[in-house]
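[1] Kindly return the folded structure for what I paste below:
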Amino acid sequence: MMRSVADMTMTSHLQGLAQRQSAPIQQMSDKFGEMLKTSMAEVNQAQISANRASERIAAGETTNLHGTMIKLEEADISLRLMVQVRNKAVEAYQEIMRMNV
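    Residues are numbered from 1 along each chain as shown. As a prediction, the model looks like this:
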């Protein structure tokens, strides 16, 4: 039986995908983990910066209330965003665990 050119192209394409799949998945996993670590460190740094700014206001070391409020709001927004990302990741994990294999 003679195969068409489209069949051979599809077969070779699928074989190529199967061979390349394992390495990129590991790389994506590593990159995703690094991205999460970096994001958490940035959120933590924003929280620390906001706390220092509010301590300076309370101690009377500065009168820049406007800048302090901006730092506090940025820290709050970044923390809320990180919590939402965590919630979505947990939901995705739970959905995967419910899947029948």
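
[2] Okay, now the unreliable bits of the chain?
    1-25 (pLDDT under 70).

[3] which helices and strands sit right next to the helix ranked longest in the chain?
    As assigned by DSSP state H, the longest helix anywhere in the chain is helix 22-59. Contacts defined by 3 or more C-beta pairs under 8 Å, 6 or more residues apart in numbering; DSSP states H and E place helix 22-59 against helix 65-98. Glycine gets a C-beta too; all of them are placed from N, C-alpha and C.

[4] any idea how far the helix it packs on is from the chain center?
    Remark: helix 65-98 is offset 10 Å from the chain centroid, using C-alpha atoms, centre = their mean, to the nearest Å.

[5] and if you look at stretch 57-68?
    So, by C-alpha atoms, centre = their mean, the centroid of stretch 57-68 is 33 Å from its chain's centroid.

[6] That one: end-to-end distance?
    Stretch 57-68 has its terminal residues 8 Å apart, counting by C-alpha to C-alpha, to the nearest Å.

[7] neighbours of the nearest residue to Ser54 once chain neighbours are set aside, just the number please.
    Spatially, and ignoring its direct neighbours in sequence, Ser54 is nearest to Thr68 (6.0 Å; C-beta to C-beta, 6 or more residues apart in numbering). Neighbour count for Thr68, taken as other C-beta atoms under 10 Å: 19.

[8] just Gln47 next, same as before
    So Gln47, with other C-beta under 10 Å, has 17 neighbours.

[9] Report the contact partners of it.
    Ala75, Leu79 (C-beta atoms under 8 Å, 6 or more residues apart in numbering).

[10] and the residue nearest to Ser54, how far is that from Ala59?
    12 Å (C-beta to C-beta, to the nearest Å).

[11] same check, this time on Asp30
    43 Å.

[12] now Val90
    Val90 is 39 Å from Ala59, by C-beta to C-beta.
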